[in-house]
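*Asks:* the sequence and its predicted three-dimensional model are supplied below.
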Amino acid sequence: MGFGPARVCAGAVRGRVLTPLPPLPETPLLSVIVPSYNQGAYIRQTLESVFSQEWPRVELIVIDGGSTDDTIDVLKRIAPCDGFCWISEPDDGVVDAVNKGFRMAQGDIVAVQSSDDFYLENAFSSIVDAFRLHPRAALIYGDAVKIDAIGTELTRRVGPPYSLERFLLCECAIPQPAAFFRREVLAEIGDWDPDLPYTPDTDLWLRIGLRYDVVKLDQFLATRRMHEEQRDRQCAAIVRDYGKMLEKSEGLRTVEPRIRRAAAAGRHLIQIRYNVRGTNMAKVFHILSAARYRPDRIRWAGLWRHLVYFPLHRLGSSAKKAMQRLQSSEKEES
């Protein structure tokens, strides 16, 4: 497990009015909301990672959408304990489930944990210490270890420092499994937006970042499980909702032009990340489009790779395969 210093958002952003936060109690209550639907293969590990944390005050709320696998059996087998509750009923998807959890949560600090991810050791105590150290922060997050469906570690990468500008330029991501925020912000800025079903967490982080301080911890707090049924694989829907998020943001209209240009560039950079069209020329188009707004943050080497290297590499690969087929055909004829 990696540990390191906290990194506070860099530099003031003109036009951003910071909202003060009340002090935390001596032993704050942590509320963890777990939206669930047919994740019986993983949810036990998720819940056990909450129960095993060395923090005395935890509220665990599972909002299940009426699972038809063994999720309910897993929930029923957990012995009743203080601070644990669950409901299972049809809902309108993950955003509806999380918002139900938000309305039920009583904690001073809130987290949303996916039912296929889990927390690492000492995550809660570390996050409380960070909130005490940074009393103006409304959102504090760390890094997440990527694992596969059976739990084998894939990658372990420490993300870059946070700033609102970097966030909008898609240079730093806030992993939901490793993010915690003050419950007071929900009354100020609202819940997850049902109009953005594939970017509701990103939208919340943006709304928080426009009004509050955000802190990045160089510490691995959770895992992120990569598997075929992930919502993250819905690339076109994610790109669509990301654009809608930027269009709907009232806060972006009042910040300084540099930040607005970062958002405009980010709308194209997110296209490069998910590459909905799946072509090099599409990536080239979005690199050049992003450069119109923030040429200083474009990786021009990437343009060369997509414009020259990859096409030539694929051409060479195609020629090699054609030659192999020709040689195979000649052998068969002889």
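*Replies:* Happy to help now that I have it.
*Asks:* what about the stretch 201-334 of the chain, any weak spots by pLDDT?
*Replies:* Counting by pLDDT under 70, the low-confidence segments of the stretch 201-334 of the chain come to 230-233, 277-278, 299-334.
*Asks:* the strands in it, which residues?
*Replies:* If DSSP state E, counting those that start in this stretch is used as the criterion, the strands of the stretch 201-334 of the chain fall at 213-225.
*Asks:* mind listing the helices for the stretch 51-200 of the chain?
*Replies:* For the stretch 51-200 of the chain, helices defined by DSSP state H, counting those that start in this stretch occupy the ranges 71-77, 94-104, 123-133, 164-168, 184-189, 200-209.
*Asks:* need the contact partners of the last one.
*Replies:* To tie it back to what came earlier, the one meant is helix 200-209. 9, 94-95, 98, 112, 138-139, 164, 167-168, 174, 176, 179, 181, 185, 189-190, 192-194, 196, 214, 242, 245, 249, 251 (Cβ atoms under 8 Å, 6 or more residues apart in numbering). Where you see a C-beta, it was placed from the backbone N, CA and C, and this is true even at glycine.
*Asks:* right, and Val276 touches Ala237 too?
*Replies:* No. With contacts counted by Cβ atoms under 8 Å, Val276 stays clear of Ala237, the gap being 9.6 Å.
*Asks:* who touches both of the two?
*Replies:* Counting by Cβ under 8 Å, 6+ apart, Val276 and Ala237 have no common neighbour.
*Asks:* once you drop chain neighbours, what's closest to the spatially most central residue of the chain?
*Replies:* Averaging the C-alpha coordinates of the chain gives a centre point, and the residue nearest to it by Cα atoms, centre = their mean is Pro175 (3.5 Å). Distance criterion Cβ to Cβ, 6 or more residues apart in numbering; nearest residue to Pro175, sequence neighbours excluded, is Ala144 at 4.1 Å.
*Asks:* list the contacts of that neighbour.
*Replies:* Counting by Cβ under 8 Å, 6+ apart, Ala144 makes contact with 117, 175, 177-178, 220-224.
*Asks:* quick one: which of the residues you listed is nearest to Ser125?
*Replies:* Taking Cβ to Cβ as the measure, Ser125 lies nearest Leu221 of the contacts of Ala144, at 10.8 Å.
*Asks:* looks like that closest one contacts Asp143 (just checking).
*Replies:* Yes. With the criterion set as Cβ under 8 Å, Leu221 and Asp143 qualify as a contacting pair; they are 6.9 Å apart.
*Asks:* what residues are shared contacts of the two?
*Replies:* When contacts are counted by Cβ under 8 Å, 6+ apart, Leu221 and Asp143 are jointly contacted by Ala178.
*Asks:* and Ile150, how far from Asp296?
*Replies:* Distance, Ile150 to Asp296, by Cβ to Cβ, to the nearest Å: 43 Å.
*Asks:* go on, Lys146?
*Replies:* Between Lys146 and Asp296 the distance is 30 Å, computed by Cβ to Cβ.
*Asks:* neighbour count winner among the two?
*Replies:* It is Lys146, of Lys146 and Asp296, that has more neighbours when counted by other Cβ atoms under 10 Å, with 16 against 6.
*Asks:* give me every residue that touches that one.
*Replies:* Under the criterion of Cβ under 8 Å, 6+ apart, the contact partners of Lys146 comprise 153-156, 223-224, 226.
*Asks:* write a PyMOL command that selects only the buried members of the contacts of helix 200-209.
*Replies:* With 16 or more other Cβ atoms under 10 Å as the burial test, the buried ones among those are selected in PyMOL as follows:
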select buried, resi 9+94+95+98+112+138+139+164+167+168+174+176+179+181+185+189+192+193+196+214+242+245+249+251
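*Asks:* my read is that Ile174 contacts Phe167, right?
*Replies:* Yes. Shown here, Ile174 and Phe167 form a contact pair, counting by Cβ under 8 Å, at 7.1 Å.
*Asks:* ok, Asp148 touching Thr223?
*Replies:* No. The pair Asp148 and Thr223 fails to qualify as a contact (Cβ under 8 Å) at a distance of 10.4 Å.
*Asks:* need the helices of the stretch 51-200 of the chain in TSV (columns: distance to Gly65).
*Replies:* Compiled in TSV, the helices of the stretch 51-200 of the chain are given as follows (distance: least, Cβ to Cβ, whole Å):
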stretch	distance to Gly65
helix 71-77	9
helix 94-104	6
helix 123-133	26
helix 164-168	30
helix 184-189	21
helix 200-209	15
